[in-house]
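**Q** take this sequence and fold it.
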Amino acid sequence: MTRLIPLLTRPFHSTLAGARGGNISVEFALALPFLLLILGAVIDFGRAAYDRMALETAARSAVQYARVNPTDSAGIRRAALSAGGVDPAAQVNARQFCECPDGGASPCTSVCPAGEAPQVFLEVTVNSTFTPLLPVPGLPVLGSLTGSATLRVQ
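**A** Next up is the predicted model:
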């Protein structure tokens, strides 16, 4: 009882000003939403980087298959999707193109201006949509991720 008497005789505001027991809890409660927002952005960035690497691996696998079977579009798609970590709804596009040694585009059936045969390339592109776990207003949203690989055949 003797301990309560000094608390009752002091003004109320001076009693509260001396109490610091809940400051950490209040500061943590104010900072928690921002910390969770940053954590969500870091997780989404990591997922996007992982998905992009998986798409690049899938494109490399598919272009290696396309080197042996350039007209088998179903097999090229299977090779890309079997690389692992790729969404089954991903789009797989393969194309063959030719260039002259000087870097200019050329039809594959013609001869380059210097008289050489054009170089033949295979390119596979794998596209997939990316949906963030936590869409953050104001930050750019990556709607589509792309992985591609190009291989010189001749």
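**Q** which stretches of this protein form strands?
**A** 91-99, 105-106, 119-129, 144-152 (DSSP state E).
**Q** please name every helix or strand in contact with the shortest one.
**A** It stands for strand 105-106. Applying 3 or more Cβ pairs under 8 Å, 6 or more residues apart in numbering; DSSP states H and E, one finds that strand 105-106 makes contact with strand 91-99. To be clear about C-beta, it is placed using only N, CA and C from the backbone, and glycine gets the same treatment.
**Q** quick check: buried residues in the strand it packs on?
**A** The neighbour-count check on strand 91-99 (16 or more other Cβ atoms under 10 Å) flags 92-94, 98-99 as buried.
**Q** how about the CA coordinates for that strand, as PDB?
**A** These are the backbone C-alpha positions of strand 91-99, laid out as PDB (Å, rounded to 0.1, in the frame of the first residue of the first chain):
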ATOM      1  CA  GLN A  91       5.000 -21.300 -74.800                       C
ATOM      2  CA  VAL A  92       7.800 -22.900 -76.700                       C
ATOM      3  CA  ASN A  93       8.800 -21.400 -80.100                       C
ATOM      4  CA  ALA A  94      11.600 -22.700 -82.300                       C
ATOM      5  CA  ARG A  95      12.900 -21.100 -85.500                       C
ATOM      6  CA  GLN A  96      15.700 -21.500 -87.900                       C
ATOM      7  CA  PHE A  97      17.400 -18.500 -89.500                       C
ATOM      8  CA  CYS A  98      20.500 -17.700 -91.500                       C
ATOM      9  CA  GLU A  99      23.100 -15.000 -91.400                       C
END
